[in-house]
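Colleague: Structure for the following, please:
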Amino acid sequence: MATKAVPRAGLSALRATILRLENENVPALLKADRKGSPAGFERKIEKEDARVAGNILRFGIEALDDVLQGGLPLAGLTEIRAAQTRDAGAAMGFVLALAVLCQSGNPGQADLPAQTGLPVLWIGLGMASSEAGHPYGRGLEAYGLDTSRCIFSSPRTIVDALWIAEAALFAPVFAAIILEVRGNPEHFGLNESRRLHVRARTGKVPLFLLRQAGEEEASSAPFRFRVAPAPAAGRLLPDGSKSAGSIGNPAFRVAVEKSRVFAPLEFSMEWSSHARRFRHLVPGANTSEPKRRPAHSVADVSTSAGGSGGTDEMAGVMAFQKAS
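Modeller: Residues are numbered from 1 along each chain as shown. Alright, predicted model coming up:
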């Protein structure tokens with residue numbers, strides 16, 4: 001049975017109502033929306049329309065910046081989700097990279113203001129910390145974060161965590177606020193996320209919701225990312241080659257689950273704490289790494305005496321000095 005297409009005018013009115021409810025000032029999108037197809041599902045966002053009110057963070061990855069309509073807004077709620085507990089480390093690393101950019105102001109990001117002197121507030125529920133671990137000072141510094149300008153809070157309940165986050169947004173003195181929760185807490189739903197989003201937009205503060213092992217649910221966050229670990233590239237040597245068997249920069253598999261445009265995207269990216277920027281990892285780019293070879297040339301290990309069959313093909317073995 002064929003379904004009747006939604007009229008263009010009705011769909012445009014529905015989108016206008018949603019935008020008003022979310023307090024979004026994007027009349028250009030509505031204008032472009034009315035120029036779409038008769039069914040109202042196709043729209044072309046021109047370059048001059050792809051603007052977000054206030055300051056934005058450009059990732060430097062064209063496909064991602066296009067889906068975000070220019071970049072990630074630095075005022076409002078953004079959700080970063082790890083589907084499973086084992087992915088919590090990758091999601092935390094992705095959020096920390098965003099916090100580093102917000103705290104220091106990346107010189108390569110033209111739209112990112114320098115927030116020198118402003119601290120980062122990390123609100124982590126006790127349950128989330130017990131499962132994924134507490135932030136480690138030396139690791140955060142190696143990652144690019146200035147721990148002397150960080151404040152950590154470990155409330156016991158989600159109600160206390162929400163109160164701390166909302167109170168911090170009332171006094172916009174933070175470069176970024178991270179709210180770490182586990183799963184889908186009962187007292188943290190659409191209404192609570194709406195309050196946080198409005199407060200963050202009013203105070204012009206980026207609020208990152210880090211959700212461990214959580215399912216997709218209704219949220220007022222304009223953007224939601226699902227983050228998982230990705231294979232890291234090899235560490236670069238001074239001559240431009242890669243060190244065989246080494247582990248390079250942290251890598252993430254990022255999926256854009258929610259955005260303003262109808263263009264789901266999933267790709268791999270890495271974070272350089274030295275350059276303080278993201279880089280797109282092209283699939284198959286790491287296949288040219290040299291094969292690992294033994295440090296000493298020795299014969300392959302043969303089968304045991306009396307065993308059936310000939311010598312099995314094995315990898316090279318490393319010779320160790322005999323212990324005294």
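Colleague: quick one: low-confidence parts of the stretch 51-200 of the chain?
Modeller: For the stretch 51-200 of the chain, applying pLDDT under 70 flags the ranges 51-54, 105-117.
Colleague: Show the residue spans covered by the strands in it.
Modeller: With DSSP state E, counting those that start in this stretch, the ranges of strands along the stretch 51-200 of the chain come out as 56-57, 72-73, 76-82, 120-124, 150-153, 176-182.
Colleague: Can you name the residues that contact Leu210?
Modeller: By Cβ atoms under 8 Å, 6 or more residues apart in numbering, the residues touching Leu210 are Ile80, Ala82, Ala91, Met92, Val95, Ala128, Ile178, Leu179, Glu180, Val181. C-beta: built from backbone N, CA, C; applies to glycine.
Colleague: And the residues you listed, which is closest to Phe225?
Modeller: Within those, proximity to Phe225 (Cβ to Cβ) peaks at Ile80, which comes in at 5.0 Å.
Colleague: What's the separation between the closest one and Ala213?
Modeller: As defined by Cβ to Cβ, to the nearest Å, Ile80 lies at a distance of 13 Å from Ala213.
Colleague: Pick out whichever of these two has more residues nearby.
Modeller: Ile80 (23 against 19; other Cβ atoms under 10 Å).
Colleague: which residues does the more buried one bridge with?
Modeller: Leu210, Phe225 (DSSP bridges).
Colleague: List the buried residues in stretch 251-269.
Modeller: Neighbour counts over stretch 251-269 (16 or more other Cβ atoms under 10 Å) mark Ala251, Phe252, Arg253, Val254, Val256, Lys258, Ser259, Arg260, Leu265, Phe267, Ser268, Met269 as buried.
Colleague: cool, stretch 179-191 as well?
Modeller: Neighbour-count burial for stretch 179-191, counted by 16+ other Cβ under 10 Å, picks out Leu179, Glu180, Val181, Arg182, Gly183, Pro185, Phe188.
Colleague: And stretch 81-100, by the same measure?
Modeller: For stretch 81-100, by 16+ other Cβ under 10 Å, it's 81-83, 87-88, 90-100.
Colleague: ok, so of the contacts of Leu210, who is nearest Asp146?
Modeller: Out of the contacts of Leu210, the member with the shortest distance to Asp146 (by Cβ to Cβ) is Ile178, at 14.6 Å.
Colleague: how about that closest one, what does it touch?
Modeller: Val95, Ala99, Val120, Leu121, Trp122, Ile123, Gly124, Phe208, Leu210.
Colleague: tell me which residues form a beta bridge with Val256?
Modeller: Assigned bridge partners for Val256, using DSSP bridges, are Phe225, Leu265.
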